[in-house]
Every structure is written in structure tokens, then in C-alpha cells.
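**Q** next comes the sequence, and after it the predicted model I'd like to discuss.
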Amino acid sequence: MISPARSTAFDVLTRVESGSYASDLLFAQSLSPRDAALASEIIYGTLRRQAQLDYLIALHAPARLDTAVRIALRVGIYQLRHLDRVPPHAAVTESVELVKRARKRSAAGLVNAVLRKIDRKPVLWPARAIELSQPQWLIDQWDREFGSETATRIAEAFLERPEIYLRNPPPGHSLQLEPTEIAGAFRVLSGDTTNIRLQDIGSQSIVPLLGLESGQTFLDLCAAPGNKTTQALESGVRGIACDIHLHRLRQFTGCPRVVLDATRLLSFSGDFDLNLLDAPCSGTGTLARNPEIRWRIQLSDVLELHEKQTVLLRQALLALCAHGRLVYSTCSLERQENEDVVARVISETAGKFRVIETRRRTPGVDPGDGFFAAVITSS
């Protein structure tokens with residue numbers, strides 16, 4: 001019999017292989033807290049260390065494997081090498097059963113034989129990209145941008161389970177929390193966070209850069225799911241939340257919501273004291289939390305996003321009033337989506353706008369996800 005946790009992990013990873021996102025799929029599951037925790041650990045751990053797992057598979061199995069067989073092997077090897085509380089026989093036996101359930105009975109013997117060769121001895125990885133479980137092009141980018149030492153720290157941070165943060169804990173909670181340097185942001189030390197809205201500390205670091213004051217007008221151009229807008233409204237600003245998709249704002253009711261495509265000419269012109277453009281991005285600063293991104297994103301995607309972000313920033317500046325302030329932010333580590341976007345747009349404004357501050361949060365150096373922010377004012 002296959003446990004609900006391993007069955008769920010296998011099914012989610014199979015769908016992730018076809019383009020779905022693990023967090024969305026896992027959220028939709030009905031599991032006991034214990035099974036949910038194990039399923040989550042297997043899913044995210046397997047995705048984070050996928051390059052390592054595939055290298056170990058290649059040492060003992062044919063190069064060509066059915067997707068179901070490869071996923072079962074990844075799941076089994078991850079448990080054997082990284083989960084102390086999982087009995088080895090359970091990891092092996094249930095991985096074999098997963099292959100059988102997937103109608104790949106002919107591969108059951110192979111899966112059993114490969115997994116019985118796996119141990120926890122240190123591995124001499126043949127390449128840095130495999131050791132760090134990142135695409136080579138991304139490691140190369142980070143080496144150029146941050147230097148190899150910091151790039152390694154970033155990638156190592158993305159191999160581990162991220163810490164959990166929330167904002168303004170609800171009354172009556174039973175969580176053990178630790179305050180952070182950001183007012184209202186807390187690190188979760190222990191406790192069940194089911195049905196509690198979470199927000200990474202990196203995300204919470206962006207809104208304070210606006211210098212919010214009660215009564216000011218505030219526009220959030222890419223607001224969904226509304227965490228940063230909610231944070232901004234704590235200061236008493238009069239806000240409007242915008243997004244291209246209404247369904248992504250349905251859970252947010254803190255201020256008026258507007259459905260718009262912010263890449264097109266905005267109906268707002270010089271109307272707002274404060275603008276936030278948390279632009280759609282590659283998400284490479286969140287690879288511990290969203291590990292499947294690393295296996296999908298390509299440099300061509302980053303360059304395409306640069307063009308979209310440039311258009312968005314141009315439009316956002318048009319909505320800013322005289323002497324207003326705008327924060328452009330992404331959860332990307334890539335210069336093409338950050339400094340290059342800001343420099344390109346500001347150079348086009350003939351001195352009407354200027355950058356007064358930039359901030360970067362670097363995983364492995366700073367707590368939480370990676371973020372970039374530029375504070376821009378009208379001259």
C-alpha cells in the first residue's frame with residue numbers, strides 16, 4: 001500500500017513535469033497535517049535537488065527512462081539521502097509500488113535495484129551546476145553579477161527549505177514567532193500555519209521604501225494577490241489595486257480594485273503620490289520556494305521579460321504626480337530585469353525622473369527570498 005503522502009508527491013511531481021506549479025497543486029490536496037508535511041518535503045526537496053538526483057540515477061540506470069520511472073526514482077533517492085525519519089525500506093518499497101501503480105510494472109525490478117544501491121556517502125559531483133542543482137546558464141549569470149563565492153551561497157540557499165514569515169499575526173494564534181527588523185514582519189519558529197496568510201520577509205521589505213504617509217494616494221499596478229497593497233494600507237493611504245486578471249484579486253477587498261493591462265496607456269495621468277510596480281518577473285529570487293522555475297526558465301525568457309518590464313515602468317511613471325515616489329521591484333536576481341530596466345527607462349525621461357535608492361536582498365546573504373527594488377522620484 002502506498003501512503004497518501006508519497007502518492008500525492010508522485011502525482012504532483014508528475015503534473016509539475018507537464019507544466020503545473022507545485023504550490024498550486026499541493027494547496028488543493030486534502031491531507032492530514034502529517035501527510036501534508038511529508039508530501040511537501042518530498043515534492044520541494046526533489047525539485048530543489050533534481051540535478052543531483054538525476055546524476056545519481058544516471059550512474060545506475062539506462063539513459064532513457066519513462067517519466068513515471070524517473071520521478072519514482074527521484075522520490076526514492078531523495079528520501080534515502082535526505083530524510084532521516086523515513087525508514088529506507090519504506091522509501092524503496094513504496095517507490096516500487098508507485099511505478100506499478102503507474103502501469104510500469106516492467107520497471108519495478110529496475111527501481112528496486114537502483115534504490116538499493118543508494119546510500120548517504122558524500123558524492124564527488126562532476127560539475128558545480130550539478131552539485132548546486134542549478135542550470136549552468138543561471139550559475140554563469142550569478143557568477144558574473146555577484147562573484148562565484150556569493151553565487152554559490154545563493155545556490156546553496158536554494159537547496160534548503162525556506163524559512164516561513166508572516167505579517168501581523170492574527171489574534172488568538174498559537175504560533176511561536178520571532179520579530180524581524182521589519183516592523184510587522186515575524187519569522188515563524190513553530191506551529192501550524194494552515195489558513196494563515198504568509199508573506200516572505202523579502203516581500204515585506206518593499207513597501208516601506210515608499211515612505212508612506214496617511215492620506216496619500218497610492219497605486220499598486222500589479223497588485224495580485226494583494227499582500228503588498230494590504231501592507232501599504234496599514235499606513236492609512238488611499239489606495240487602488242490593479243491587475244490584469246480579476247480572479248487574482250478576488251480574495252482582496254481592502255480598497256477599490258481595477259482590472260487593467262498596465263502595459264497599455266493608463267487612464268491615470270499624474271494622479272498618485274505613490275506608485276508601486278512589483279513587476280511580473282522570472283522569480284529567480286524565489287527558487288527555494290518555487291524550485292521548478294529553475295528547470296523551466298531560459299535566458300530568452302529573461303530577455304523577453306525585460307521588454308515587458310520596460311513598458312510597464314514607462315506606464316507607471318506616467319501615473320505619478322509631481323514630486324511623487326515610485327518603487328519598481330521584482331523577485332528576480334537577474335540584472336536584465338532589474339538595473340537594466342530602470343537604467344533604460346530613466347535614460348528616456350530627459351531628467352524628469354531620477355533613481356534615489358536601490359536595494360537588493362540576496363538569498364544566502366539576507367533572510368528570505370531575493371528581491372530588487374529601485375526608488376524613483378519625479379524631479
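**A** Sure, I can see it. All figures in this text were calculated on a predicted structure; none of them were measured in a lab. Residues are numbered from 1 along each chain as shown.

**Q** quickly list the domain ranges of this structure.
**A** Here the domain parsing of the chain from automatic domain parsing is 4-124, 163-199, 201-378.

**Q** and the second one, what's buried?
**A** Meaning domain 163-199. By neighbour count with 16 or more other C-beta atoms under 10 Å, domain 163-199 contains the buried residues 164-167, 169, 175, 177, 180, 182, 184-188, 199. Where C-beta positions appear, they are placed from N, C-alpha and C, glycine not excepted.

**Q** identify the farthest-apart pair in those residues.
**A** Within the buried residues of domain 163-199, L175 and I182 form the most distant pair, 17.4 Å apart (C-beta to C-beta).

**Q** okay, now S95: neighbour count?
**A** By other C-beta atoms under 10 Å, 27 other residues sit near S95.

**Q** could you tell me the end-to-end distance of stretch 122-129?
**A** End-to-end distance for stretch 122-129: 17 Å, by C-alpha to C-alpha, to the nearest Å.

**Q** what separates stretch 9-20 from the chain centre, distance-wise?
**A** The gap between where stretch 9-20 is centred and where its chain is centred comes out at 17 Å by C-alpha atoms, centre = their mean, to the nearest Å.

**Q** just the mean pLDDT for that stretch, thanks.
**A** Stretch 9-20 shows a mean pLDDT of 96.

**Q** ranges for the strands of the stretch 251-379 of the chain?
**A** All strands of the stretch 251-379 of the chain, identified by DSSP state E, counting those that start in this stretch, fall at 257-259, 272-278, 320-330, 353-361, 371-378.

**Q** mind showing which ranges of this structure have poor pLDDT?
**A** Applying pLDDT under 70 to the chain flags the ranges 265.

**Q** the helices in it, which residues?
**A** With helices called from DSSP state H, the chain shows them at 4-17, 22-27, 33-48, 50-60, 67-82, 88-101, 108-115, 128-131, 136-146, 148-157, 201-204, 227-233, 299-318, 339-347.

**Q** now those in JSON lines, with distance to E213?
**A** As requested, those are arranged in JSON lines below (distance: least, C-beta to C-beta, whole Å):
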{"stretch": "helix 4-17", "distance to E213": "44"}
{"stretch": "helix 22-27", "distance to E213": "35"}
{"stretch": "helix 33-48", "distance to E213": "40"}
{"stretch": "helix 50-60", "distance to E213": "46"}
{"stretch": "helix 67-82", "distance to E213": "48"}
{"stretch": "helix 88-101", "distance to E213": "56"}
{"stretch": "helix 108-115", "distance to E213": "60"}
{"stretch": "helix 128-131", "distance to E213": "47"}
{"stretch": "helix 136-146", "distance to E213": "35"}
{"stretch": "helix 148-157", "distance to E213": "35"}
{"stretch": "helix 201-204", "distance to E213": "19"}
{"stretch": "helix 227-233", "distance to E213": "11"}
{"stretch": "helix 299-318", "distance to E213": "20"}
{"stretch": "helix 339-347", "distance to E213": "24"}
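
**Q** ok, which of the ones you listed comes nearest L326?
**A** Between L326 and those, the shortest gap by C-beta to C-beta is with helix 299-318, which sits at 5.9 Å.

**Q** what angle sits between that closest one and strand 320-330?
**A** Angle of helix 299-318 versus strand 320-330, following axes from the mean of the first three to the mean of the last three C-alpha atoms, to 10 degrees, is 160 degrees.

**Q** setting aside sequence neighbours, what's the nearest residue to the most centrally placed residue in the chain?
**A** With distances taken as C-alpha atoms, centre = their mean, the residue of the chain nearest its centroid is T286 (3.1 Å). Spatial nearest neighbour of T286, chain neighbours left out: D369 (4.7 Å); criterion: C-beta to C-beta, 6 or more residues apart in numbering.

**Q** got the contact list for that neighbour?
**A** D369 makes contact with 162, 200-203, 285-286, 288-289, 331, 361, 363, according to C-beta atoms under 8 Å, 6 or more residues apart in numbering.

**Q** which one (most neighbours) among those?
**A** Among the contacts of D369, the one with the most neighbours (other C-beta under 10 Å) is G285, at 31 neighbours.

**Q** that one: what's it in contact with?
**A** Contacts of G285 (C-beta under 8 Å, 6+ apart): 202, 330-333, 361, 363, 369-372.

**Q** one more pass at 7 Å, please.
**A** Listed by C-beta atoms under 7 Å, 6 or more residues apart in numbering, the contact partners of G285 are 202, 331-333, 363, 369-371.

**Q** for these, which one is nearest V342?
**A** Closest to V342, out of all of the contacts of G285 and judged by C-beta to C-beta, is S332, at 12.6 Å.

**Q** any idea how far the closest one lies from L115?
**A** Counting by C-beta to C-beta, to the nearest Å, the gap from S332 to L115 is 37 Å.

**Q** with L166 instead?
**A** Plainly put, L166 is 38 Å away from L115 if you go by C-beta to C-beta.

**Q** what's the answer for Q298, then?
**A** Counting by C-beta to C-beta, the gap from Q298 to L115 is 32 Å.

**Q** same check on P208?
**A** 49 Å.

**Q** in terms of neighbours, single out the busier of the two.
**A** Neighbour tally, P208 and L115, criterion other C-beta under 10 Å: the higher count belongs to L115, 23 against 17.

**Q** my read: the more buried one touches A90, true?
**A** No: L115 is beyond contact range of A90, at 11.2 Å (criterion: C-beta atoms under 7 Å).

**Q** so what's R6 closest to, chain neighbours aside?
**A** Using C-beta to C-beta, 6+ apart, the closest residue to R6 is E94 (4.9 Å).

**Q** ditto for S205
**A** I182 (5.8 Å).

**Q** residues in contact with the one you found?
**A** By C-beta under 7 Å, 6+ apart, I182 lies in contact with 201, 204-205, 208.
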